[in-house]
Structures are given as structure tokens and as C-alpha cells.
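Engineer: build me a model:
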Amino acid sequence: VLVMGKPGPPMGLQIQETTPETCTVSWQPPEDDGGAGVTNYVSGAVRKTTFKIPKLIPFNKYQFRVSAQNIHPRAACPCAGPRDHQGEPEAALVPARERRRLRDRRLPGGEEGEDQRPLGAPEQDQPDPPKKVDITEITPITVSLAWVKPDYDGGSRITSYVVEKLRTSVEDAQWERCTVLSLTRCTVTDLVPHEEYRFRVSVQNYGAISEPRETTAVVCKEQIVPASIDLSAVTSDVLILKEGQDFILKLPYHGMPTPAVTWYKGLGVFRETIRVVTKTVGGVTQLIFRKCEKVDGGTYTVVVANPAGKQTAEIQFRVLGKPGPPVGPITFEDMTPETATLNWQVPTDDGGGDITNYVVEKSDNRGASWVYVSSNVKRCCLRVTKLVYKKEYLFRVSAENRFGVGKPLTSESAVAKYPYDEPTPPYDLKVSEVTKDAMLVSWHAPESDGGAEITGYTSERRERNSNSKGKANIHVKEGQTAVFTAAVSGKPFPEVTWNRGARMVSKMARHKFEKTNRAAVLTILECTRSDAGEYNVRVKNDSGLAEAKCKLQVFSKPQPPTNFEVIETRVPTTP
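Structural biologist: I've put the predicted structure just below:
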């Protein structure tokens with residue numbers, strides 16, 4: 001048979017922690033739960049064996065009791081703490097206790113003890129006075145004070161500071177309360193000019209007020225302190241900013257009377273812009289950058305001055321960012337119908353970082369849209385290929401560093417063709433000295449050379465009753481350039497090979513092979529006598545084969561005579 005009833009009283013009721021407004025109590029579960037589990041503790045539905053009691057009134061005396069509860073009526077309430085009366089129910093009394101802290105736990109002639117937490121709400125100790133009270137500013141009618149809160153608050157939160165003044169120049173003067181405040185600084189006003197005063201500050205907590213801390217005597221008059229600047233915020237010779245960054249430089253300054261502050265940039269007075277402004281208030285002057293640009297860098301000078309003196313400070317700013325545009329103009333070399341070589345110079349402004357590469361773009365619609373040619377150009381030149389004959393192009397080049405790609409340099413328009421035009425035809429063609437197997441043909445040079453020196457002439461012949469033409473030969477002087485041009489057509493576009501005699505023309509520095517959608521060109525630079533001979537151009541595609549021949553003649557100065565021998569000597573006679 002299980003007989004159930006109300007639970008027994010909780011055990012070990014203790015006061016764990018007290019503050020001026022709260023108290024925490026704890027206990028152990030009862031030995032007898034009445035045959036049913038304890039559901040909660042009274043007062044309130046407290047299920048744990050600790051409870052923090054809020055909203056107490058400082059310095060009041062309280063009693064606490066706890067009872068266990070199950071499905072039956074609640075049990076008796078045990079009490080803890082000192083008792084000063086008898087009665088039912090028996091309750092724990094928490095009397096006010098005086099609590100003092102020892103500066104040193106080690107006392108002469110005794111052993112080191114341990115800190116103990118007293119029971120009950122402690123009576124508040126007297127706090128220490130402020131650690132230091134300084135006079136920060138003096139004028140004829142005001143004195144500004146500042147102090148440091150004490151290390152010991154008397155066991156309670158500091159609620160306020162009491163500031164008092166004493167007019168020492170008046171006989172039998174008494175301390176007068178100026179203000180009560182929670183801050184650690186204040187300005188005492190309404191003082192008499194040229195009178196001597198002393199000031200003191202006391203600390204107040206919930207239950208006590210400290211001994212005051214006094215200042216030395218001061219006379220209310222205008223103080224003379226030379227102007228000075230605190231440059232602790234300037235951490236290096238050059239302050240580095242990043243392009244687009246916001247930055248504020250704060251420089252405290254001191255002096256009595258209050259110094260005037262002036263900013264300069266370079267050799268002139270600083271003129272504020274949308275991005276860079278100055279602000280001076282409360283003994284601090286500020287230089288403010290908003291989304292700074294590279295033009296905002298340079299030397300800034302701040303001058304603080306008053307009748308007692310002045311101080312000048314120079315601050316160097318450098319703004320790092322993307323590089324500037326390359327130095328132009330963009331020049332073109334070796335312009336052909338399909339290729340062009342671009343040249344430019346490094347930027348004068350590298351943005352504060354090494355130039356890593358250049359980005360080259362082209363446009364064939366006057367800049368309406370741009371196409372990347374290369375984004376990893378390491379040198380200041382690039383050969384652009386795959387151009388379209390006689391099409392007009394614009395090119396632009398941008399430098400890149402670790403901060404990004406800078407502004408571009410744009411070229412003048414250029415047409416994909418040779419840098420010269422076709423010469424006009426020769427004129428006044430004449431035939432003379434006709435023999436049975438040769439004739440002499442002569443002409444005058446063309447009126448226009450097309451913008452380039454005439455390198456040679458191509459002569460062709462045709463029999464009277466024939467429609468076919470045959471190229472005669474090309475004549476150049478030694479050291480000149482010979483150009484073979486063959487008109488080429490066919491679909492698909494044929495492959496082109498050049499031969500000299502039975503051997504293919506080799507690839508070397510003096511030989512240039514070019515091909516457009518209408519012609520194949522072989523250029524021989526600085527011709528020598530060994531380049532003379534018959535040249536053959538052969539074109540081939542899936543539909544067939546065609547070829548043409550041309551002879552190159554290279555003329556040079558004659559060699560000196562050989563085997564020179566004196567066979568007769570004559571001496572003229574005098575008349």
C-alpha cells in the first residue's frame with residue numbers, strides 16, 4: 001500500500017548572493033517528497049532549487065521562506081539565516097550587515113585568511129576619493145575640471161560626483177556646491193575674474209560619500225599657453241591612401257587663448273573641394289577625405305597659432321590606385337593590309353604599383369564598340385594581325401597594375417594597307433636601237449612615287465598579234481629592294497609558293513612574304529648580285545594550279561681591273 005501526502009520541507013536554505021536590489025537563495029530538495037515527485041517550489045512555479053529575487057529596496061531587511069509542492073498541499077517552509085524573533089511560519093531574516101574590505105589579507109602576527117562572502121544585503125562602504133583632479137582650462141569666468149574615478153567604489157555602483165568651489169581670496173569663505181553630475185568632467189561657470197579659487201570633487205555611491213580631492217589654488221584670468229599640435233596620429237613620413245578610400249586625420253591642438261588653425265596645400269592656402277574638407281571643433285582639427293583621388297595627394301601643412309606662439313606641421317599624403325594612360329601618341333610600324341605594329345611609352349603615373357601588363361583593344365566602327373586584341377602585353381609594342389584590307393581601325397592601350405586597369409590611350413585612325421600608294425605610271429615611253437633580236441626601251445620616271453621611293457620598274461612585252469603578256473624582268477641596283485607582286489584569285493584562296501630556279505625561296509631576314517585577299521608579294525631587301533635570277537610564283541587550290549615567272553637583274557658597280565701592268569712610260573718634253 002502506497003500512502004501519499006504532502007512533501008517534507010526543503011533542506012539547506014541559504015543566501016547565495018546579494019546586491020542592493022536583488023537576492024539569490026538556494027536549497028536542497030526535501031528528503032520526503034510525499035510519495036509523489038516535487039513539481040515546484042513556492043512562491044511561484046519555481047522548478048529549480050535556486051531563485052533570484054529582483055526589485056528589492058536597498059538597505060531594507062527581508063525574510064525569505066521556501067516550501068515544496070506536489071499534487072498534495074504544500075509542505076512546511078524551512079528558514080535560513082539569522083533569526084531575531086519567533087513565530088509561525090519561521091522565516092529567514094536577512095539583516096543589514098556592515099561590510100568592510102581589507103586592503104591586505106595578511107595581518108601582522110596572523111595567518112593568511114580567505115575572502116568570505118557575508119550573508120544579507122551589505123551596508124555600503126565609503127568610496128575612495130577621485131584618483132586625480134586636473135584643471136584643464138582657465139578663463140576669466142570659468143574653470144574646467146577633469147578627474148579619474150576611484151579604484152574602490154565602496155561596494156556599490158557610483159551614482160554621482162559632487163563638485164564644490166572655495167573663493168580663497170574672501171575671508172571666512174565656505175565651500176559652495178557647484179554641481180552634482182555623473183560625468184568625470186565639468187566646467188564651473190559664473191566665477192569672478194582675477195579672484196583665486198580652489199575646487200574639490202567627492203564620489204557618491206548608494207549609501208555614502210567619499211572624502212573630497214582638492215585642486216591647487218588658481219586665479220581666474222586668461223592663461224597664456226603656446227599653441228601646440230598633437231601629431232601622434234601621423235604614424236609615418238608619408239600617409240598612404242587608396243584611390244576611392246574615405247579617411248579622416250584627427251589632430252588635437254592645445255593653447256591658451258584658443259589657437260587659430262589654418263590649413264595649406266603645397267605653397268598656397270588649402271581650398272576645400274567636394275572630396276577634401278577640413279573641420280575644426282572642440283580642440284581637434286580634422287582633414288577629411290571622401291573617395292579620394294590621386295590629385296588629392298601631396299603636402300598638407302597645418303598651422304596653429306595664438307599670441308604665445310605657433311606650431312607648424314607638414315603631412316605627406318600619397319594616393320595609390322590605377323595607373324594613368326600610357327604616353328602617346330601610338331605610332332604604327334610595318335603597316336600592311338593584314339598587320340600593324342603598335343608602339344607607345346610607359347605611363348608617367350604608375351599609380352604607386354609596378355605596371356604588370358598592358359591591355360590592347362581595337363575598333364573598326366570609330367569607337368562605338370571595342371574588341372580585345374590582347375590583355376597580357378608585357379612590352380610597349382604589339383604586332384596586331386588579322387586585319388581587313390583597306391578597313392579603318394582605332395586602337396587603344398591601357399596600363400594595368402595591382403589596383404586595376406587605368407585609363408586608355410587612343411590612337412589616330414589607321415587604314416589596313418601599305419603605308420604608301422601605288423605610283424603613277426611612267427610616261428614618254430620610247431623604243432630605239434631596234435635589231436633583229438633586241439630593242440632599247442626608255443621612259444621618264446612617274447610624276448608621283450606614291451609616297452615611297454621607286455625601287456624598280458616592271459616591263460612587259462606582247463607580240464603584235466597575241467593577247468598574252470609576258471613579264472620581262474625587274475631591274476634594281478645593288479642594295480635596293482626588289483618587290484614581286486602577283487595578282488592571285490581563286491576559291492578557296494590558293495596556297496602560294498615562291499621559287500628561284502628549282503629551289504624554294506628560303507625564309508630569312510631579307511625576305512618578306514605577304515599575302516592579301518587579292519595578291520601575293522615577295523620583297524627582297526638590300527639586293528645583292530647573288531639574288532639575281534629567275535623567280536617563279538606558283539598558286540594552287542583544289543580546283544587547279546597556276547604559275548608565273550619573272551627575272552630579277554641586279555646591277556652594281558664594275559669590279560676594279562685585275563693584272564694591272566705598266567707597259568710604257570712617256571715623259572713630256574719642254575718646248
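Engineer: tell me where the model's unsure across the protein.
Structural biologist: Low-confidence segments of the chain, defined by pLDDT under 70: 1-5, 35-37, 42-45, 58-59, 71-124, 465-472, 573-575.
Engineer: who's in contact with the residue nearest the centre of it?
Structural biologist: By C-alpha atoms, centre = their mean, the chain has its centre lying nearest to residue 242, at 3.7 Å. Taking C-beta atoms under 8 Å, 6 or more residues apart in numbering, we find residue 242 in contact with 319-321, 403. Placement of C-beta: from N, CA and C, glycine included.
Engineer: again, 7 Å this time
Structural biologist: The contact partners of residue 242, by C-beta atoms under 7 Å, 6 or more residues apart in numbering, come to 320-321.
Engineer: now it: how far from residue 405?
Structural biologist: 16 Å (C-beta to C-beta, to the nearest Å).
Engineer: can I see the domain layout of the chain?
Structural biologist: According to automatic domain parsing, the chain comprises the domains 11-97, 132-219, 225-320, 327-415, 421-454, 455-555.
Engineer: burial count for residue 498?
Structural biologist: With neighbours defined by other C-beta atoms under 10 Å, the count for residue 498 comes to 18.
Engineer: quick check on the residue nearest to the centre of the chain: phi, psi?
Structural biologist: With angles defined as degrees, to the nearest 10, residue 242 sits at phi -100, psi 140.
Engineer: mind checking which helix or strand residue 360 is in?
Structural biologist: Assigned by DSSP states H and E, residue 360 falls within strand 357-363.
Engineer: what is that strand packed up against?
Structural biologist: When contacts are defined as 3 or more C-beta pairs under 7 Å, 6 or more residues apart in numbering; DSSP states H and E, strand 357-363 packs onto strand 371-377, strand 392-401.
Engineer: and with 8 Å instead?
Structural biologist: Packing partners of strand 357-363 (3 or more C-beta pairs under 8 Å, 6 or more residues apart in numbering; DSSP states H and E): strand 371-377, strand 381-384, strand 392-401.
Engineer: okay, those, which one's buried deepest?
Structural biologist: When the helices and strands packed on strand 357-363 are scored by mean count of other C-beta atoms under 10 Å, the highest mean neighbour count falls to strand 392-401 (a mean of 21).
Engineer: now that strand against strand 357-363, angle please.
Structural biologist: 160 degrees (axes from the mean of the first three to the mean of the last three C-alpha atoms, to 10 degrees).
Engineer: report the angle between strand 392-401 and strand 371-377.
Structural biologist: 30 degrees.
Engineer: just give the strands next to strand 392-401 in its sheet, each with its orientation.
Structural biologist: Strand pairing for strand 392-401, using DSSP bridges, gives strand 357-363 (antiparallel), strand 404-405 (antiparallel), strand 409-410 (antiparallel), strand 414-415 (antiparallel).
Engineer: state the distance from the closest residue to residue 291 other than its chain neighbours to residue 135.
Structural biologist: Spatially, and ignoring its direct neighbours in sequence, residue 291 is nearest to residue 244 (5.3 Å; C-beta to C-beta, 6 or more residues apart in numbering). Computed with C-beta to C-beta, the distance linking residue 244 and residue 135 is 45 Å.
Engineer: go on, residue 125?
Structural biologist: Between residue 125 and residue 135 the computed distance is 29 Å (C-beta to C-beta).
Engineer: more neighbours: which of these two?
Structural biologist: Neighbour count, other C-beta under 10 Å: between residue 125 and residue 135, residue 125 has more, with 19 against 15.
Engineer: contact partners for the nearest residue to that one once chain neighbours are set aside?
Structural biologist: In space, and not counting its chain neighbours, residue 125 is closest to residue 154: 4.1 Å by C-beta to C-beta, 6+ apart. By C-beta under 8 Å, 6+ apart, the contact set of residue 154 is 124-128, 205, 207-208, 210.
Engineer: among those residues, which two are most distant?
Structural biologist: Pairwise distances across these peak at 14.7 Å for 128 and 207 (criterion: C-beta to C-beta).
Engineer: any idea how many residues pack against residue 351?
Structural biologist: Residues contacting residue 351 under the criterion other C-beta under 10 Å number 22.
Engineer: typed the wrong thing, it's residue 11
Structural biologist: Neighbourhood size, residue 11 [other C-beta under 10 Å]: 14.
Engineer: surely it touches residue 32?
Structural biologist: No: Residue 11 is beyond contact range of residue 32, at 10.5 Å (criterion: C-beta atoms under 8 Å).
Engineer: against residue 10, how distant is residue 70?
Structural biologist: Remark: distance between residue 70 and residue 10 (C-beta to C-beta) = 13 Å.
Engineer: list the contacts for residue 179?
Structural biologist: Contacts of residue 179 were listed using C-beta under 8 Å, 6+ apart, and they are 163, 186, 188.
Engineer: against residue 154, how distant is it?
Structural biologist: Residue 179 is 21 Å from residue 154, by C-beta to C-beta.
Engineer: stretch 388-399: how far from the chain's middle?
Structural biologist: 33 Å (C-alpha atoms, centre = their mean, to the nearest Å).
Engineer: now it - C-alpha only, PDB.
Structural biologist: C-alpha atoms of stretch 388-399 as PDB (Å, rounded to 0.1, in the frame of the first residue of the first chain):
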ATOM      1  CA  VAL A 388      41.000  43.500 -93.100                       C
ATOM      2  CA  TYR A 389      42.500  45.200 -96.200                       C
ATOM      3  CA  LYS A 390      41.500  48.900 -96.500                       C
ATOM      4  CA  LYS A 391      39.400  48.900 -93.400                       C
ATOM      5  CA  GLU A 392      39.800  51.800 -90.900                       C
ATOM      6  CA  TYR A 393      40.700  51.000 -87.300                       C
ATOM      7  CA  LEU A 394      41.200  52.700 -84.000                       C
ATOM      8  CA  PHE A 395      43.400  51.200 -81.300                       C
ATOM      9  CA  ARG A 396      43.600  52.000 -77.600                       C
ATOM     10  CA  VAL A 397      46.100  50.800 -74.900                       C
ATOM     11  CA  SER A 398      45.600  50.700 -71.100                       C
ATOM     12  CA  ALA A 399      48.200  50.000 -68.400                       C
END
